[in-house]
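# Predicted coordinates and the sequence they were generated for:
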Amino acid sequence: QSQELSQARIDYHVALQTLQEHGTNMVCTGKMHTDRICRFDYLCYCSEADEFIFFHSNSSVMLPNLGSRRFQPALLDLSSVEDHNTQYFNFLELPAAALKFMPKPVFVPDVTLIPNRFNPDNLMHVFHDDLLPIFYTMKQYSDLDDEARLVFMEGWGEGPHFDLYKLLSSKQPLLKEQLRNFGKLMCFTKSYIGLSKMTTWYQYGFVQPQGPKANILVSGNEIQQFARVLMEKMNITRAEEAEKDGGSVEREKEKEKYDDYAVVFSRSTTRLILNEAELILALAQELQMRVVTVSLEEQSFPSIVQVISGASMLVSMHGAQLITSLFLPRGATVLELFPFAVNPEQYTPYKTLTSLPGMDLHYISWRNTKEENTVTHPDRPWEQGGIVHLEKAEQDRIIASKEVPRHLCCRNPEWLFRIYQDTLVDIPSLLDVLKEGRNSKTNFRKSKPASTVHPGRVREPHCQTSVQTRNEAKLTVSWQIPWNLKYLKVREVKYEVWIQEQGENTYMPYILPQQNYTFSENIKPFTTYLVWVRCIFNKNLLGPFADVLMCKT
Ligand code: UDP
């Protein structure tokens with residue numbers, strides 16, 4: 001492998017000379033360490049020192065040039081988890097002249113993306129923190145293509161889901177522990193360090209209790225595009241899409257009716273459903289469809305995705321396996337089960353995912369409210385929820401508590417104790433939430449994905465005024481349709497007009513179907529009004545306001 005790296009596509013002497021003469025270059029995006037990604041030429045890594053090295057020459061560029069602020073607290077986050085102090089990146093500096101006294105560098109010819117994986121043992125973290133951010137960071141920089149090399153610097157082994165990371169590029173990803181095999185000094189001819197956080201939707205509770213991120217920047221569309229590409233790479237075609245290839249519309253409809261099925265994603269070591277067989281029978285009866293089970297312990301990941309990608313419903317205990325919801329077809333339902341004393345409203349990574357605009361998934365949660373149906377494990381090690389290491393009074397308090405109070409990540413013993421309970425699912429109460437959920441849901445299974453095209457500004461807005469009497473006046477506002485409307489089929493086009501009397505801090509909003517209107521109520525003579533107009537498609541797709549009109553009566 002070392003040969004493949006150093007000799008194949010690079011002239012060693014040219015590379016060495018370039019490094020010696022020009023040193024390292026760095027240009028970054030982002031104002032803060034939390035939103036920064038840096039691109040380097042000839043960044044080196046010294047395995048002996050476990051440090052990245054920036055070689056200064058007369059022609060080196062380092063932008064941003066932060067001086068010692070580079071250490072306050074770091075140049076950038078290596079993982080997609082925001083501002084986590086175990087995930088900071090920085091480099092050491094040396095003059096290029098020092099190369100003379102150092103081991104001969106080995107050059108990496110590939111364009112390389114160098115991030116940290118956050119928790120490669122956990123499937124939710126694999127997708128949310130690593131795969132999606134890596135996928136979209138690679139989309140952001142066109143030279144990070146299918147030939148790019150990934151180097152994971154968190155220092156962990158491959159982990160159980162390494163095959164998934166391998167789907168992101170045609171080259172074998174490298175782990176930190178492997179870098180030393182290539183030599184003492186490795187230099188990346190072109191590399192990117194850091195990850196886009198644009199696709200993450202959840203914060204794990206390091207500084208405030210866990211919950212959806214404050215400013216979510218991803219929609220269902222990007223998640224689904226990612227899912228589609230990953231499925232292609234796993235050689236999976238959705239059951240749905242395969243059907244379209246053959247058969248009449250009628251046959252397709254028939255098939256769909258009989259092929260509807262629900263999936264129970266089961267866990268076989270912790271957080272068990274103790275009456276899984278009974279649950280499956282009840283679901284089949286209630287939903288009038290087949291119910292199949294999958295588990296990470298028994299199946300390959302691609303075969304699980306194959307099953308889920310055609311399912312109408314996914315049922316599972318709260319847990320990382322529910323990240324596979326992102327492979328569900330539009331219109332499907334996720335039913336997430338929570339153990340006793342765990343409030344579903346406070347643990348919403350999967351609810352947030354399924355509710356992203358454009359995911360078109362339904363979400364229902366059920367919680368065990370019957371203490372007699374829970375099985376606790378006080379004797380287990382603390383990380384699996386054991387509490388016997390705690391003082392007796394604290395153990396008693398936890399056992400008596402009916403709901404885990406809000407808490408920070410990650411070692412709250414009461415939280416771990418409750419989340420690792422096994423549950424005997426009370427079937428009648430589960431069927432109740434299922435029926436409730438179905439009554440409130442509109443079926444968008446068959447409908448096309450909703451349009452997301454926003455209106456442009458309304459054009460040529462005008463106002464005309466006239467004074468009627470000493471205390472009556474009229475204000476006529478008119479405008480042209482937005483430029484993009486003539487190319488679109490839009491179900492409903494409406495206009496919103498805001499009228500504000502100059503100097504007042506409130507305004508009157510109006511929704512109108514036509515392109516002009518004469519206002520006479522609340523319009524006073526010899527007054528200046530500020531008027532804003534915008535277009536709205538299908539009730540909720542808002543366009544921008546046109547430039548404000550100044551209308552004097
Ligand atoms: N896991 C599993 N079966 C089990 C328990 C866990 O497949 O019985 C998987 C789980 O999906 C996750 C990893 O093991 O990918 C770690 O599970 P843990 O309970 O620590 O995390 P959680 O599911 O609560 O996120």
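That came in fine, so what should we check first? Since we're looking at a predicted model, the values are computed, not measured.
# In this structure residue 304 contacts residue 325, no?
No: if you go by CB atoms under 8 Å, residue 304 and residue 325 don't touch, sitting 12.0 Å apart. C-beta here means a position set from N, CA and C on the backbone, and glycine is covered the same way.
# Tell me which of the two has more neighbours.
When neighbours are counted by other CB atoms under 10 Å, residue 304 and residue 325 differ, and residue 325 comes out ahead with 26 against 19.
# now that one, what's its secondary structure?
Secondary structure, DSSP: H, G, I helix; E, B strand; the rest coil: residue 325 is helix.
# Check what pLDDT it gets.
With respect to pLDDT, residue 325 scores 98.
# The closest residue to it other than its chain neighbours: what secondary structure?
Distances taken as CB to CB, 6 or more residues apart in numbering place residue 334 nearest to residue 325, at 5.0 Å, with adjacent residues excluded. Three-state assignment for residue 334 (three-state DSSP): strand.
# Roughly how far does residue 334 sit from residue 263?
In this view, residue 334 and residue 263 are 10 Å apart by CB to CB, to the nearest Å.
# Overlap in contacts, those two.
Both residue 334 and residue 263 are contacted by 313-314, under the criterion CB atoms under 8 Å, 6 or more residues apart in numbering.
# Which elements pack onto the host helix or strand of residue 467?
Secondary structure from DSSP states H and E places residue 467 in strand 459-469. Under the contact criterion of 3 or more CB pairs under 8 Å, 6 or more residues apart in numbering; DSSP states H and E, strand 459-469 touches strand 472-480, strand 528-537, strand 549-552.
# buried sites along the last one?
Pointing back at strand 549-552 there. Residues 549, 551 are the ones in strand 549-552 that count as buried (16 or more other CB atoms under 10 Å).
# Sheet partners, orientation included, of it?
strand 528-537 (antiparallel) (DSSP bridges).
# Work out the gap between the strand it pairs with and the centre of the chain.
Put simply, strand 528-537 sits 35 Å off its chain's centre (CA atoms, centre = their mean, to the nearest Å).
# Please find the angle between the direction vectors of that strand and strand 472-480.
If you take axes from the mean of the first three to the mean of the last three CA atoms, to 10 degrees, strand 528-537 sits at 40 degrees to strand 472-480.
# next SSE after strand 528-537?
strand 541-542.
# where does residue 59 sit relative to residue 524, distance-wise?
Residue 59 is 69 Å from residue 524, by CB to CB.
# Give me the more crowded residue out of those two.
A count of neighbours by other CB under 10 Å puts residue 524 above the other of residue 59 and residue 524, at 14 against 10.
# State the distance from that one to residue 466.
The value you get for residue 524 to residue 466, if CB to CB is used, is 13 Å.
# Next: residue 349.
59 Å.
# Neighbour count: those two, which is higher?
Set residue 349 next to residue 466 and count neighbours by other CB under 10 Å: residue 349 wins out with 23 against 14.
# The more buried one against residue 123, yeah?
No: with contact defined as CB under 8 Å, residue 349 and residue 123 do not form a contacting pair (11.5 Å).
# Now do stretch 208-219, average pLDDT.
pLDDT averaged over stretch 208-219 gives 98.
# can you give me the end-to-end distance of it?
24 Å (CA to CA, to the nearest Å).
# Centre of the chain to that stretch, how far?
Averaging C-alpha positions (CA atoms, centre = their mean) puts stretch 208-219 9 Å from its chain's average.
# List the buried residues for it?
Neighbour-count burial for stretch 208-219 flags 210-212, 216, 218 (criterion: 16+ other CB under 10 Å).
# can you list these in TSV and add distance to residue 479 and secondary structure?
Below are the buried residues of stretch 208-219 laid out as TSV (distance: CB to CB, whole Å; DSSP: H, G, I helix; E, B strand; the rest coil):
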residue	distance to residue 479	secondary structure
210	46	coil
211	41	strand
212	37	strand
216	33	coil
218	34	coil
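# Including distance to the ligand, could those go into a markdown table?
Formatted as a markdown table, these follow (distance: CB to the nearest ligand atom, whole Å):
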| residue | distance to the ligand |
| --- | --- |
| 210 | 11 |
| 211 | 16 |
| 212 | 17 |
| 216 | 20 |
| 218 | 20 |
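# Residue 29: which of these is nearest?
residue 218 (18.1 Å; CB to CB).
# Can you tell me how far the closest residue to that closest one other than its chain neighbours is from residue 333?
Leaving aside its sequence neighbours, residue 218 sits nearest to residue 199 (CB to CB, 6+ apart; 4.5 Å). Counting by CB to CB, the separation of residue 199 from residue 333 is 23 Å.
# Tell me the helix or strand right after the lowest-mean-pLDDT helix or strand in the chain.
Ranked by mean pLDDT, DSSP states H and E, the weakest helix or strand in the chain is helix 2-6, scoring a mean of 50. The C-terminal neighbour of helix 2-6 among helices and strands, as given by DSSP H and E, is helix 12-22.
# and that next one, what's its mean pLDDT?
Mean predicted confidence for helix 12-22 is 96.
# I'd like the next helix or strand past that helix.
Where DSSP H and E defines the elements, the next helix or strand beyond helix 12-22 is strand 25-29.
# Strand partners (parallel or antiparallel) of that next one?
By DSSP bridges, strand 25-29 pairs with strand 37-46 (antiparallel), strand 62-63 (parallel).
# wait, what's in contact with the residue nearest the centre of the chain?
Per CA atoms, centre = their mean, the C-alpha nearest to the average position across the chain is that of residue 200, at 3.3 Å. Residues in contact with residue 200 (CB under 8 Å, 6+ apart) are 80-81, 128-129, 132-133, 213, 218.
# Looking at those residues, which are in helices?
Per DSSP state H, helices hold the following members of the contacts of residue 200: 132-133.
# List buried residues within the contacts of residue 200.
Of those, these count as buried by 16+ other CB under 10 Å: 80-81, 128-129, 132-133, 218.
# Chain neighbours aside, what residue packs nearest to the closest residue to the ligand within the stretch 401-550 of the chain?
Nearest to the ligand, among the residues of the stretch 401-550 of the chain, is residue 419, at 6.5 Å (CB to the nearest ligand atom). Distance criterion CB to CB, 6+ apart; nearest residue to residue 419, sequence neighbours excluded, is residue 342 at 5.9 Å.
# count of neighbours near the nearest residue to residue 35 once chain neighbours are set aside?
Distances taken as CB to CB, 6+ apart put residue 197 closest to residue 35, at 7.0 Å, once the chain neighbours are dropped. Residues near residue 197, counting by other CB under 10 Å, number 21.
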